[in-house]
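In: Show me the folded form of this:
(2 chains)
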Amino acid sequence: MEAFDLWAQLPSVLPEVGLTALAVIVLFADIYGSIATRRNVVFVSAVGMALLALVPLIWVPDPAQFEKGVLLWGGMVNYDPLSQIFKVMLLLAGAVTCLMALGDKGVGDKGEFYLIVIVATLGGLMMSSASDLILVFVALETLSIPLYMLASFRRGDLRSAEGGMKYFLYGAFASAIMLFGFSLLYGFAGTTNLGGIADAMSGGFDGGLVAVMAALVMVVVGFGFKLSAVPFHFWTPDVYEGAPTPVTAFVSVSSKAASFALLVRFLTAVFPPELAIAGVVIQDFWVNLLVVIAIVSMTLGNVVALRQSNIKRLLAYSSIAQAGYTLIGVAALQGLDDSLAVASVSFYMFMYIFTNLLVFGGVILFIAATGKEEIKDLAGLNRRSPWLALFITIGLLSLGGIPPAAGFFGKFFLFQAAVKSNLVGLALIAVANAIIALYYYLVVIKVMYVDVGPDDEIPVGIPRAYGWALGITASIVVLLGTIAVTPIYNWAALGASGL
Amino acid sequence: MDVTGFSVLTAIIFIPIIAGFVILFLDRQNRDLVRGVAITAASAVLALSLAVFFGYDNYVKGAGGLIDQQMTMLAAGGDLSGARMFVDALAFEQRIVWVESLGIAYHVGVDGVSAPMVLLTGMVAVAGVLISWNIEDRLREFMAFFMFLVAGVYGVFIAVDLFMLFFFYELAIFPMYLLIAGWGWVKLREYAAMKLTLYILVGSVFALVGAVAMYFAAGAYFSGSGAEVFQAAVASGILPADSAPYSWSMVQLTLAAENGAFAIEILGIEGLSFARFWFPFMFIGFGVLAGVFPFHNWSPDGHVAAPTAVSMIHAGVLMKVGAFAALRAGVQLLPDGAQTHLPWIVFLTLINVVYGALIAFRQRDFKYVIGFSSVSHMGLVSMGWATMNLTGMTGAGIQMFSHGAMTALFFGVVGMVYDRAHTRDIPSLGGFMKVMPWVGVAFVIGGLTSMGMPGLSGFIAEFPIFQGMWAASEQITLQLGVFQLSNYYSVIVILSALGIVITAAYVLRVAGQVFFGEFDAEHFHDVGDIAATDRIVLIILGAPLIILGLYPPIMAPMIESGIRPLIALLGGG
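Out: Residues are numbered from 1 along each chain as shown, chains lettered A, B, ... in the order given. Okay, the predicted model is just below:
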């Protein structure tokens, strides 16, 4: 056995180590710090996470090996570009969330909020590099349990408590099903290593096709819950509406991004294209399964969103549809050359994180200032706060896929990957959906710019730190749709090389 | 031509974008400054567009210019390369690689078809700013969005990269939506703005899927069996040296089309080639914006609901964007599909021409008359594309310019009348020649143009289209199962001439009623003459109709030179 070389292995988990340290610092600062210190916890958390986002970029001891992807820590952790890009985006998402919670009464003024966000992010980071069933499950729960807590963070508020409880019950159920799927896989293969499972199943495996497919379906159910894909989406609108809005923003991006990273890795590692049992190529099965889920998620999410009058519920259904779009990229993983598909999923999630945080950030501010959550209350926002209206508009345009916002490229890459994988029909259904979606996004923009509301003349102020957070996020969304496309896309495309 | 250096076209795209952002950050109260920045930017863009137009004219007509080259090639005979001719026709090029791994580039250039469109956009941009001079409500936002819209439109006309074409196409949609929804006619604006946006998006996104499919088919061809063609094209300078097999460059896609990359059979159905399958998506997808029947429904409502400047740019320029993109991304890239499908699409264009004119005849609302007349005349453009010969397509190219200036002029006239009379109901108007003679004269000029009166640009456009249709009649047959339809283009010409007669009827009716007739001095006591800025609008849009009508060589040879590559692609001599 090789000698354990800490120096070579450390970079793969350094962000996680850093986050743990940050969590401890925040915990102690909140308990023992003075009032002034406690007020600064938010900046410590945000800046800490933003700095940690640089770590995976700066310290890569052996780039050649890294790009091929390497298993470290006894086969538990993958160290490759895919995990790197997702770690960076999760850390940035955590940092922006902290800043956005800043002014939220009952949420942002409590130190434990930031602690929980950090721990949830830690779980997400572990998910994006996990390559062993046990670590996968531990990471999933490390992400999920803090999210349940966050959803019910406003203890006194009935809707928040209800949302949290719902989220927990559904989540626990989905986790149990997924765990059962894992145990079946372990039973077939005798190993918990993702790559090892595929190897064991491909060598004259006789455990029965149906059982393998059942395990696959169970795992997909678990993922479907985390991604809020139809038909595992029922918790989404209630949790989105009930949870404090900064939490909603965080739930909508972090758990989704981490789950997509893991889903891509899981499906390509455990059920590779060459794996056939009893003459049936397993990949064809899961591709078809995902195609169906993608179509149903997009269509249901978009059609139901048309009927919503609450902005948070609208965004909830929109996020169901967005999960459907992203699943197109996962379905496009079929075949041997999956670089376009992996790149499209990574790029989409990268831009989606910033886009959704931007929209939610704007909405949080509006709700905090006015206490209203209906779409019609946004009327005349352009006159009340032109900047806020502009930020929300950029975010909505990006969700709708209109240039120069990043969503145009995001959708384009997904459709392109689908056409490449001969899923032209899926691409056509997706573009039809994109048009339905654009309708309700445009309606919100129209309300902000054209309609006249009763409070038309009362300005909505933007706190300075918050304004900066929104402004930077908006700039990133526009840059990702124009000049920054190439570097981020190339980086995302590297992700395929390590799988 | 130098492809890496700075192109004046880049300035044409970015001046309005920068001006738009500058305007957004100006003081809302300082209306003069807002107007000043807007008109400066629009005039600068118009000046540059003029420079491009005449520069390109020089490029075409000069000794040893493009036409001489093309004539030499034609005289030499042999196989003509459409891609080669297309590359030669491009001028004012600039190319910067954008997303290298996907073969997407920022690549601009003009050819004979797009150069007049660039000029048209500049004209309408200035006219639009001038006619919106006195908008009361949120002038700053209006001008900023208008600038973004102008930039998006320009981008489509000068894109040589197919991806870029889509990028700017979609970019234009959002400001247009807000302009109509925010400043349009209160009764209709929200409905019309959303309808228009969704119609246009539906078309374009389906075309986008087709474009992605073309990208992969061409890429697979160039990295497989067509590798030699690719190498030869790079060596001979048709493609830039840093090209990759997978590319969005329309030059490269044209080359692929020419060498049969899109002739592959798909879905395992005999006779259903890639080109034949995707052509309707591309042509009709963009044709939605050009108002092709039965997808024209957005247009009258959209035009009526829009504020005057937006109607002008919309009917005047954006519908041409649709027709232009249908030509570029449809006919040019899938010539094989064009030959299969245009023989039946021509019936749709016939319906456009006649049905549009009939409905226009029935309208009481002044603006609806113009809206449907615009649908009717755009049918002639698509009909010109369907001739697939040099005469007819050149006529369609001229019609794009002529119709653009004419319709913008019409909407300007309607706007001026409505602003002062506060009604658009034709029967209650009358005798406006007395109070606003300039407007009356402008309407008569526009009206005569739309009737195709010789001496005005409409004649120069419509006559070749009909001539081309007649000439094409013998070559084109339509196969419907066992039935074969031949020689029917001539019938279509005769029927669509009917549309011209109806046009004459409604134009004369409107002119007689609104501008002559009896003036109700009591009811319209506060109606005065138009401002100086409005006169400039009428001159900018009206003069080209006369100039082009009296002196066609100013534009016709240029457009011909732009059409010749297409004819080569379509297999003609």
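In: what about the closest residue to chain A within the stretch 101-250 of chain B, which helix or strand?
Out: When distances are taken as Cβ to the nearest Cβ, the stretch 101-250 of chain B reaches nearest to chain A at residue B:205, 4.0 Å away. From N, CA and C alone the C-beta is placed, and that goes for glycine too. For residue B:205, the element it lies in under DSSP states H and E is helix B:189-223.
In: just residue B:468 next, same as before
Out: helix B:457-472.
In: For that helix, output the C-alpha coordinates as CSV.
Out: C-alpha atoms of helix B:457-472 as CSV (Å, rounded to 0.1, in the frame of the first residue of the first chain):
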residue,chain,number,x,y,z
SER,B,457,-39.6,52.8,-55.7
GLY,B,458,-42.6,50.5,-55.5
PHE,B,459,-42.7,50.0,-59.2
ILE,B,460,-38.9,49.3,-59.3
ALA,B,461,-39.6,46.6,-56.7
GLU,B,462,-42.9,45.0,-57.7
PHE,B,463,-42.3,44.9,-61.4
PRO,B,464,-39.3,42.6,-61.2
ILE,B,465,-41.0,40.4,-58.7
PHE,B,466,-43.9,39.8,-61.1
GLN,B,467,-41.5,39.4,-64.0
GLY,B,468,-39.5,36.9,-62.0
MET,B,469,-42.6,35.0,-61.1
TRP,B,470,-43.6,34.8,-64.8
ALA,B,471,-40.1,33.7,-65.7
ALA,B,472,-40.0,31.1,-63.0
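In: shouldn't the residue of the stretch 101-250 of chain B closest to chain A be in contact with residue A:434?
Out: Yes - Residue B:205 is within contact range of residue A:434, at 6.1 Å (criterion: Cβ atoms under 8 Å).
In: Which stretches in chain A count as strands?
Out: A:70-72, A:77-79, A:276-277, A:280-281 (DSSP state E).
In: what's the offset of the first one from the middle of its chain?
Out: Put plainly, it is strand A:70-72. Computed by Cα atoms, centre = their mean, to the nearest Å, the chain-centroid distance of strand A:70-72 equals 24 Å.
In: what do you get for the last one?
Out: With Cα atoms, centre = their mean as the basis, strand A:280-281 stands 31 Å off its chain's centre.
In: Buried deepest among the strands of chain A, which one?
Out: Scoring the strands of chain A by mean neighbour count under mean count of other Cβ atoms under 10 Å in any protein chain shown gives strand A:77-79 as the most buried, with a mean of 24.
In: That strand: how far from the chain's middle?
Out: On Cα atoms, centre = their mean, the centre of strand A:77-79 falls 19 Å from that of its chain.
In: what's that strand packed up against?
Out: Helices and strands touching strand A:77-79, by 3 or more Cβ pairs under 8 Å, 6 or more residues apart in numbering or on different chains; DSSP states H and E, are helix A:6-32, strand A:70-72, helix A:111-129.
In: quick one: low-confidence ranges for the stretch 1-150 of chain B?
Out: Where the stretch 1-150 of chain B drops to pLDDT under 70, the residues are B:1-4, B:78.
In: go again using 50 as the cut-off
Out: B:1-2 (pLDDT under 50).
In: And the helices in it, which stretches?
Out: Secondary structure of the stretch 1-150 of chain B, counting by DSSP state H, counting those that start in this stretch: helices at B:8-24, B:31-61, B:66-76, B:82-89, B:114-131, B:139-158.
In: Could you list the low-pLDDT ranges of the stretch 151-300 of chain A?
Out: In the stretch 151-300 of chain A (pLDDT under 50), no residue qualifies.
In: What's the nearest residue in it when you look at chain B?
Out: For the stretch 151-300 of chain A, Cβ to the nearest Cβ, closest residue to chain B: residue A:298, 13.6 Å.
In: what do you get for chain A?
Out: Taking Cβ to the nearest Cβ, chain A has residue A:431 as its residue nearest chain B, at 4.0 Å.
In: before we move on, the earlier item: looks like the residue of the stretch 151-300 of chain A closest to chain B contacts residue A:433 (just checking).
Out: Yes - counting by Cβ under 8 Å, residue A:433 is a contact partner of residue A:298 at 4.3 Å.
In: Identify the contacts common to those two.
Out: A:321, A:324, A:325 (Cβ atoms under 8 Å, 6 or more residues apart in numbering or on different chains).
In: Where do the strands of chain B begin and end?
Out: Counting by DSSP E, the strands of chain B are B:91-99, B:104-110, B:477-480, B:483-486.
In: now the ones you listed in TSV, with distance to chain A and mean neighbour count?
Out: Converted to TSV, these look like this (distance: least, Cβ to the nearest Cβ, whole Å; neighbours: other Cβ atoms under 10 Å in any protein chain shown):
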stretch	distance to chain A	mean neighbour count
strand B:91-99	5	19
strand B:104-110	8	25
strand B:477-480	26	13
strand B:483-486	30	10
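In: Same list (those) but as a markdown table, adding distance to residue B:389.
Out: Formatted as a markdown table, those follow (distance: least, Cβ to Cβ, whole Å):
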| stretch | distance to residue B:389 |
| --- | --- |
| strand B:91-99 | 25 |
| strand B:104-110 | 23 |
| strand B:477-480 | 15 |
| strand B:483-486 | 16 |
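In: Worst mean pLDDT among the helices and strands packed on strand A:77-79?
Out: Note on those: lowest mean pLDDT is at strand A:70-72, with a mean of 82.
In: Looking at the stretch 451-573 of chain B, what residue ends up closest to chain A?
Out: For the stretch 451-573 of chain B, Cβ to the nearest Cβ, closest residue to chain A: residue B:569, 24.0 Å.
In: I'd say that residue and residue B:260 touch.
Out: No - with contact defined as Cβ under 8 Å, residue B:569 does not count as touching residue B:260 (12.0 Å).
In: Of the two, give the one with the bigger neighbour count.
Out: Between residue B:569 and residue B:260, residue B:569 has the larger neighbour count (other Cβ atoms under 10 Å in any protein chain shown), namely 25 against 15.
In: Could you find the closest non-adjacent residue to the more buried one?
Out: residue B:82 (3.5 Å; Cβ to Cβ, 6 or more residues apart in numbering or on different chains).
In: how about that neighbour, what does it touch?
Out: Here residue B:82 is in contact with B:254, B:258, B:332, B:335, B:565, B:566, B:568, B:569 (Cβ under 8 Å, 6+ apart).
In: can you do 7 Å?
Out: Contact analysis of residue B:82 by Cβ atoms under 7 Å, 6 or more residues apart in numbering or on different chains lists B:254, B:258, B:565, B:566, B:568, B:569.
In: Residue A:428 now?
Out: residue B:209.
In: and it, how far is that from residue B:281?
Out: Computed as Cβ to Cβ, to the nearest Å, the residue A:428 to residue B:281 distance reads 9 Å.
In: The residue nearest to residue B:569 and chain A, how far apart?
Out: Distance from residue B:82 to chain A, counting by Cβ to the nearest Cβ, to the nearest Å: 25 Å.
In: interface residues of chain A facing chain B?
Out: With Cβ under 7 Å from any Cβ of the partner chain as the criterion, chain A meets chain B at residues A:397, A:402-404, A:408, A:415-416, A:419-420, A:424, A:427-428, A:431, A:434-435, A:438-439, A:442, A:446, A:449-450, A:485-486, A:489-490, A:493.
In: Surely residue B:403 touches residue B:377?
Out: Yes - between residue B:403 and residue B:377 a contact is recorded at 4.9 Å, counting by Cβ atoms under 7 Å.
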